[in-house]
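S.K.: Sequence plus predicted model, see below.
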Amino acid sequence: MNILAIETSCDETSVAVMQDDKISYLTASQIDVHKLTGGVVPEVAAREHVQVIMPLIEQILKQTNLTGQQLDRIAVTTGPGLITSLMVGVETARTLSYSWHVPLFSINHIEGHIAANFITQPNIEYPAIALVVSGGHTELLFMPKPATYELIGKTRDDAAGECFDKTARILGLAYPGGPEISKLATQGNAAAFHFPRPMLDSGDYSFSFSGLKTAVLYFKRDNPNANLNDICASLQQAIVDVLVKKTMKAIKQYQVKTLLVGGGVAANPLLRQTCRDALQCVSTPVTLCIPALEYCTDNAAMIAAACKLHNEPADLFSVQADPNWELT
Ligand code: KG4
Ligand code: ZN
């Protein structure tokens, strides 16, 4: 089966071709453009998508020796995400689907982040818990079987990635903040400062990160000469502690066989290692799946992988971008 996948939900224009199990993808990053404003300006992101999407599609088809007519499916992210960014991908996919007579599949971005794991690990044992941590989302989902999702908790305000990005800005670091903070954290002492662990003992699976951002703001104001590497290490530790503690609670309560982690923050080395370490202490074995680094942040390969979970094409004439599409 030949799938062309398109992902434009935020600030990466990404296209992929999946030929059975072989994946090829191309991503045009807008990071340099958004660095100028310290974050994503939606209209700017949409304009950037428009400029590169067709050249990228032409290039990936050429690279994989396929014509549009040889495709079996076109998969596109229809939500959640930035409406203007999503629309570029969705309208492109609809047009190509109509002109090439190829069925169109509407894919949820969160499901894509979970499915990023299936690119390299196709055999997953269920039930599973999925932890999706990105710039826009922090969610824990229970999956009793493949492609079935029950939301058990999410953030009440900022997402974990958003917390990295906003605190990085407070600290004078470049966008996106996650990679910058995790890089400086390697040189810092995580026990140097104590930042709050919001909702750590709330007894449920809700998260909240906006207070942590405010704590860093006041800390920086009151301690202008504090070591930046130590601040980054201490902050990263606070975020990871909350994410892993709640995830482990869910693993035990739902007695799952697998933990699936996905989203840009899944690239964080401390989160990856802490998940590994925590699963060593569980009485029954739980397999940890975290995507390869290249499939953590937004990419179309994960959208192709998610497309394989579905059999029903979308209605070409009614499908549209849905910025608030909930997976469950
Ligand atoms: O999944 P993604 O590419 O886009 C959304 O769906 O939001 O995630 C982007 C987020 C950004 O907030 C970025 O700072 C964060 O992922 N991120 C990281 C790391 N790499 C990317 N956060 C922490 N540590 C990292 N190494
Ligand atoms: Zn994402």
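M.R.: That came through fine. Ligands and ions are numbered 1, 2, ... in the order given.

S.K.: Just give the nearest non-adjacent residue to whichever residue of the stretch 151-300 of the chain sits closest to ligand 2, would you?
M.R.: Ligand 2 sits closest to residue 298 of the stretch 151-300 of the chain, with a gap of 4.4 Å, by Cβ to the ion. The way it works is simple: take the backbone N, C-alpha and C, and place the C-beta from them, glycine included. Closest residue to residue 298 apart from its sequence neighbours, by Cβ to Cβ, 6 or more residues apart in numbering: residue 12 at 4.4 Å.

S.K.: what's the answer for residue 254, then?
M.R.: Closest residue to residue 254 apart from its sequence neighbours, by Cβ to Cβ, 6+ apart: residue 142 at 5.3 Å.

S.K.: OK, contacts around the most centrally placed residue in the chain?
M.R.: Note on the chain: the residue nearest the mean C-alpha position is residue 263, at 2.3 Å, using Cα atoms, centre = their mean. Residues counted as contacts of residue 263 (Cβ atoms under 8 Å, 6 or more residues apart in numbering) are 113, 132, 133, 134, 137, 161, 296.

S.K.: Which of these fall within strands?
M.R.: If you go by DSSP state E, the contacts of residue 263 have 132, 133 in strands.

S.K.: Let me have the contacts of residue 263 in TSV, extended by distance to residue 200 and neighbour count.
M.R.: Converted to TSV, the contacts of residue 263 look like this (distance: Cβ to Cβ, whole Å; neighbours: other Cβ atoms under 10 Å):
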residue	distance to residue 200	neighbour count
113	24	32
132	19	27
133	16	30
134	21	25
137	20	22
161	19	26
296	24	24
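
S.K.: filter the contacts of residue 263 down to the ones close to ligand 1.
M.R.: Among the contacts of residue 263, proximity to ligand 1 is found for 134, 161 (Cβ under 6 Å from any ligand atom).

S.K.: re earlier: in a strand, that's where the residue nearest to residue 254 is, yeah?
M.R.: Yes: assessed by DSSP: H, G, I helix; E, B strand; the rest coil, residue 142 belongs to a strand.

S.K.: circling back: can you give me phi and psi for the residue nearest to the centre of the chain?
M.R.: phi 100, psi 160 (degrees, to the nearest 10).

S.K.: what separates it from residue 135, distance-wise?
M.R.: 8 Å (Cβ to Cβ, to the nearest Å).

S.K.: likewise residue 229?
M.R.: Distance from residue 229 to residue 135, by Cβ to Cβ: 23 Å.

S.K.: in the stretch 201-328 of the chain, which spans are strands?
M.R.: Listed in chain order, the strands of the stretch 201-328 of the chain (DSSP state E, counting those that start in this stretch) span 258-262, 287-289.

S.K.: Would you reformat the ones you listed as CSV and include distance to residue 190 and mean neighbour count?
M.R.: Listed next are the strands of the stretch 201-328 of the chain as CSV, based on distance: least, Cβ to Cβ, whole Å; neighbours: other Cβ atoms under 10 Å:
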stretch, distance to residue 190, mean neighbour count
strand 258-262, 20, 24
strand 287-289, 21, 17
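
S.K.: In TSV, list the ones you listed along with mean pLDDT and distance to ligand 1.
M.R.: Converted to TSV, these look like this (pLDDT from 0 to 100; distance: least, Cβ to the nearest ligand atom, whole Å):
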stretch	mean pLDDT	distance to ligand 1
strand 258-262	98	8
strand 287-289	98	16
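
S.K.: Columns distance to residue 37 on top of those strands, output as TSV?
M.R.: Output for those, formatted as TSV (distance: least, Cβ to Cβ, whole Å):
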stretch	distance to residue 37
strand 258-262	27
strand 287-289	35
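
S.K.: Would you mind naming what in the stretch 51-200 of the chain lies close to ligand 2?
M.R.: residue 134 (Cβ under 5 Å from the ion).

S.K.: what ranges do the strands span in the stretch 51-200 of the chain?
M.R.: Along the stretch 51-200 of the chain, counting by DSSP E, counting those that start in this stretch, strands occupy 73-79, 104-108, 128-133, 138-143, 150-154.

S.K.: Indicate which one of those strands is closest to residue 177.
M.R.: Closest approach to residue 177 among the strands of the stretch 51-200 of the chain is made by strand 128-133 (13.7 Å; Cβ to Cβ).

S.K.: Touching the closest one from outside, list them.
M.R.: Applying Cβ under 8 Å, 6+ apart, the contact partners of strand 128-133 are 110, 113-114, 138-143, 149, 159-161, 243, 247, 250-251, 254, 256-266, 271.
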